[in-house]
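>>> Fold the following for me, if possible:
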Amino acid sequence: MFLRACAMKVPVAVVRLPRGPDGTSRGFDPNSPRFQALGPSSLSSLVTPNTAELEEEQQGRVLLRERYLRSLLAMARQPVSFAMYEKVNVTALFGASDIDILNFQVSELQTPLGVQREALLRCSDIIAYSFEL
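Below you'll find the predicted structure:
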């Protein structure tokens, strides 16, 4: 059976955020209960009008992200110990991460039930991980 590439016949709806309080942006009103519930620590860059402070925060985030990505690169093909929920500890050879860092691909996963040759670990199930440099 051959599959042909064809144009999509059903239109796909595009979801857009509601208009913001100023009528032109697509965001949230900083005075809204939802915005306030997120807390100032998670949204400080959106609330802070001081550009020097905003630049300093962004540089800090850049530095932390770069360090984290370098640590992922250093883990490649290394044995890594993962502490997971329910007091489960597993060890595996780290392979890769997906682009959103939601899953880790590992090999030779040693679990309490046995060894899995290949596996995907959801990052949301991992409390901590460690490896030797």
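>>> This protein: helices as residue ranges?
With DSSP state H as the criterion, the chain has helices at 33-38, 44-47, 51-75.
>>> and these as JSON lines, adding mean neighbour count and mean pLDDT?
C-beta: built from backbone N, CA, C; applies to glycine. Shown next, in JSON lines, are these (neighbours: other CB atoms under 10 Å; pLDDT from 0 to 100):
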{"stretch": "helix 33-38", "mean neighbour count": "10", "mean pLDDT": "67"}
{"stretch": "helix 44-47", "mean neighbour count": "12", "mean pLDDT": "54"}
{"stretch": "helix 51-75", "mean neighbour count": "11", "mean pLDDT": "89"}
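>>> Kindly reformat the ones you listed as CSV and extend each row with distance to Ala83.
Below are these laid out as CSV (distance: least, CB to CB, whole Å):
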stretch, distance to Ala83
helix 33-38, 28
helix 44-47, 30
helix 51-75, 15
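>>> closest one to Tyr129 among these?
Proximity to Tyr129 (CB to CB) singles out helix 51-75 among the helices of the chain, at 8.1 Å.
>>> for the closest one, packing partners?
Here helix 51-75 touches helix 44-47, going by 3 or more CB pairs under 8 Å, 6 or more residues apart in numbering; DSSP states H and E.
>>> Please name whichever of the helices of the chain is nearest to Ile127.
Between the helices of the chain, helix 51-75 lies closest to Ile127; by CB to CB that is 16.3 Å.
>>> List the contacts of Ala76.
94-96 (CB atoms under 8 Å, 6 or more residues apart in numbering).
>>> Distance check, it against Gln110.
Here the distance between Ala76 and Gln110 works out to 18 Å (CB to CB, to the nearest Å).
>>> With Asn89 instead?
Taking CB to CB as the measure, Asn89 falls 9 Å from Gln110.
>>> likewise Asn103?
Counting by CB to CB, the separation of Asn103 from Gln110 is 18 Å.
>>> repeat for Leu93
For Leu93, the distance to Gln110 equals 10 Å [CB to CB].
>>> that older thread, of Asn89 and Gln110, which one has the most company?
Gln110 (16 against 13; other CB atoms under 10 Å).
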